[in-house]
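Colleague: just the structure for this:
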Amino acid sequence: MSAKLKEILKRFESLRNEKNISGMARFGIRSDRAFGIKHPVLKQIAKEIGKDHELALELWDSGYHEARLVAPLVDDPKQVTEAQAGAWVKDLNSWDLCDDLAGNLLVKTPFAHKKAIQWAKRKEEFVRRAGFAMMAWIAVKDKKAGKETFSTFYPLMVEYSNDERNYVKKAISWALRSVGKRNLALNKEAVKVAKQIAKVDSKASRWIAQDVLRELASDAMQTRLKEKE
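Modeller: Below is the predicted model of the structure:
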């Protein structure tokens with residue numbers, strides 16, 4: 001263990017909040033290796049650390065929840081390999097870590113699109129969620145992504161919409177809604193996909209379709225997108 005990591009873990013210990021640790025379970029987050037430190041505090045700590053790929057690897061390998069939340073913030077996406085991304089995704093055990101890893105680091109890698117597709121097809125709950133979370137973040141953050149990019153995502157959203165696991169179905173809805181909020185053309189495509197999903201004989205599929213259509217087909221969304229254009 002490096003001196004840097006020891007110092008950070010010591011700081012985490014000084015910030016330990018038992019009340020927050022107890023509350024984590026209510027949000028579906030494992031707390032057995034956690035300090036109960038809130039995200040804004042972790043972001044400030046990451047900002048103070050700056051970019052440090054080797055430290056990011058150490059933070060992740062420590063296994064502590066907060067250390068793994070900070071790791072994607074301080075890692076350098078240019079130095080992240082596909083092997084590292086695959087290993088980290090296998091370690092995921094909570095939705096917040098999954099979404100932060102995807103949005104704060106992996107979406108910035110050159111293989112983001114490739115991994116979104118690969119992971120969506122995997123059976124493990126948080127690996128599959130990571131795939132759809134990547135799709136959501138690509139829709140939000142990759143301004144160069146076009147119709148061709150998202151057209152490769154739609155069949156996977158339909159195919160796996162029958163996955164009844166909460167963290168998967170919510171990620172699919174998140175991904176499709178994110179695409180549909182980019183512009184009017186993509187909104188029409190996303191609404192069309194949601195209607196396809198509605199036809200799948202599954203409780204999860206019906207929930208996803210309703211969740212997506214409630215937002216994307218609303219008058220408020222249509223007005224906002226028209227004004228944007």
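
Colleague: neighbours of residue 31, how many?
Modeller: Residues near residue 31, counting by other CB atoms under 10 Å, number 17. Where you see a C-beta, it was placed from the backbone N, CA and C, and this is true even at glycine.

Colleague: also residue 107?
Modeller: Around residue 107 sit 23 other residues, with neighbours defined as other CB under 10 Å.

Colleague: how close does it get to residue 113?
Modeller: Separation of residue 107 from residue 113 (CB to CB, to the nearest Å) stands at 9 Å.

Colleague: need the overlap of contacts for these two.
Modeller: Common contacts of residue 107 and residue 113, defined by CB atoms under 8 Å, 6 or more residues apart in numbering, comprise 134, 138.

Colleague: residue 175 contacts residue 153, correct?
Modeller: Yes - assessed by CB atoms under 8 Å, residue 175 is found in contact with residue 153 at 6.9 Å.

Colleague: what residues are shared contacts of those two?
Modeller: Applying CB under 8 Å, 6+ apart, one finds that residue 175 and residue 153 are jointly contacted by residue 135.

Colleague: looking at those two, which is more packed in?
Modeller: More neighbours surround residue 175 than the other of residue 175 and residue 153, with 31 against 26 (other CB under 10 Å).

Colleague: which residues does the more buried one contact?
Modeller: By CB under 8 Å, 6+ apart, residue 175 lies in contact with 132-133, 135-136, 139, 153, 157.

Colleague: and it, what pLDDT?
Modeller: What the model reports for residue 175 is a pLDDT of 98.

Colleague: in stretch 77-93, what counts as buried?
Modeller: Of the residues in stretch 77-93, those with enough neighbours to count as buried (16 or more other CB atoms under 10 Å) are 77, 80, 84-85, 88-89, 92.

Colleague: over to stretch 109-125?
Modeller: Along stretch 109-125, these residues count as buried under the neighbour rule (16+ other CB under 10 Å): 109, 112-113, 115-116, 118-120, 125.
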